[in-house]
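Undergrad: Just a sequence and a predicted model for now, questions to come.
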Amino acid sequence: MTDAADLLRFDGQVALITGSGRGLGREYALMLASRGCKIMVNDVNHADADTTVADIHALGSGAAASYASVENGEAIVSETLAAFGRLDILVNNAGILTPETWAELPAASWQKTLDVNLTGVFSVTRAAWPVLVKAKYGRVILVASPAVFGAGVAAYAASKAALLGLGASLQFEARKLRLPQLRINTIIPFADTRMTRDFAQQVDEKRAQQGKKPAPSPPAQLMAVMGASKVAAMVAWLAHRDCEAQATIHEAGAGFFSQLRWARSAPLFVTAKEGVIGAPQPEHIRAGLATLADFDNGDVAPMGDGSMGGPNPVARVLSHL
């Protein structure tokens, strides 16, 4: 057990956490509040937001509620500054998930998902950015989803995958401004929440309308270890001033944590050095499939440094030649 004197504390700091009235966002808020952080609880559901605020007060920390949509980031950040006078940590957690598969996905649902999950992150982060830049300090955490690996929710997956690029780009912006203490990272949480349960119910209702049986339920033993509270430790670490991570992607859930990176395979060169004059042909790719599947002799693409993945293909070819 960690000695009390060695606990990671957030005394004197303020965190704005979107979608923190319930689920994962609520657990992030309670974790930070338990360690001295003041919290702006943002949630469009007034009752949920107020409950979380009351629970934070019971922990002995300060909290206030903002009911504005993340599509109005200026309002949320203004309310945070009015309530606490500062902003140190931003956790972009708010999101929506609808059950449409690709074949039945209407344009309106696609757009609404992007408006909340992606443009909402833009809106809040863009409003908070000048505050963090002026302070020359900040921790920004973007919340993606396992859906980025492939799931039957195209709009949700697309909106969450976009955050991976956004986080790396924002970190590069901070580096250009020479602000080493403005650090942006992304998490992919695995958890059982009301949003995921509501989604499962919506899927079953749709299956029933189609005359299909309900989808198999996950084992109770699995759900028991997937509480939202088991993700919060990673958020707290990435939000802490001692954390030096920049433009990273971390998975978190059920007591499991990992860091993800973009792996690049061994390089397949099709150049004059290989006796190829002119443009490569598709047959060259076919002949090089074993090389393209060789990740043992590849490398890891850097994130957030402006190099767009390290030396570009032209530089690599020139070095090869």
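TA: Thanks, I have the structure now. Note that this is a predicted model, so its numbers are computed, not measured.

Undergrad: and residue 260, how many residues sit next to it?
TA: Per other CB atoms under 10 Å, the neighbour tally for residue 260 reads 16. The C-beta positions use only the backbone N, C-alpha and C, and glycine is treated the same way.

Undergrad: dump the residue contacts of the closest residue to it other than its chain neighbours.
TA: Once flanking residues are discounted, residue 260 sits nearest to residue 249: 4.3 Å by CB to CB, 6 or more residues apart in numbering. Residues counted as contacts of residue 249 (CB atoms under 8 Å, 6 or more residues apart in numbering) are 144, 164, 167, 185, 186, 187, 188, 259, 260, 261, 303.

Undergrad: From residue 43, how far out is the closest residue to the last one other than its chain neighbours?
TA: Meaning residue 303. In space, and not counting its chain neighbours, residue 303 is closest to residue 247: 4.0 Å by CB to CB, 6+ apart. Separation of residue 247 from residue 43 (CB to CB, to the nearest Å) stands at 28 Å.

Undergrad: So between these two, which is more surrounded?
TA: Each of residue 247 and residue 43 has its neighbours counted (other CB under 10 Å); residue 43 has more, 30 against 21.

Undergrad: residue contacts, the more buried one?
TA: Residue 43 makes contact with 18, 19, 20, 21, 22, 25, 49, 52, 65, 66, 67, 94, according to CB under 8 Å, 6+ apart.

Undergrad: what's it sitting at in phi/psi?
TA: The phi and psi values for residue 43, taken as degrees, to the nearest 10, are phi -160, psi 140.

Undergrad: Apart from its neighbours in sequence, what residue is nearest it?
TA: Take residue 43 and drop its neighbours on the chain: the residue closest to it by CB to CB, 6+ apart is residue 21, 3.1 Å away.

Undergrad: Correct me if wrong: the one you found contacts residue 54.
TA: No. Using CB atoms under 8 Å, residue 21 is not in contact with residue 54; the gap is 11.3 Å.
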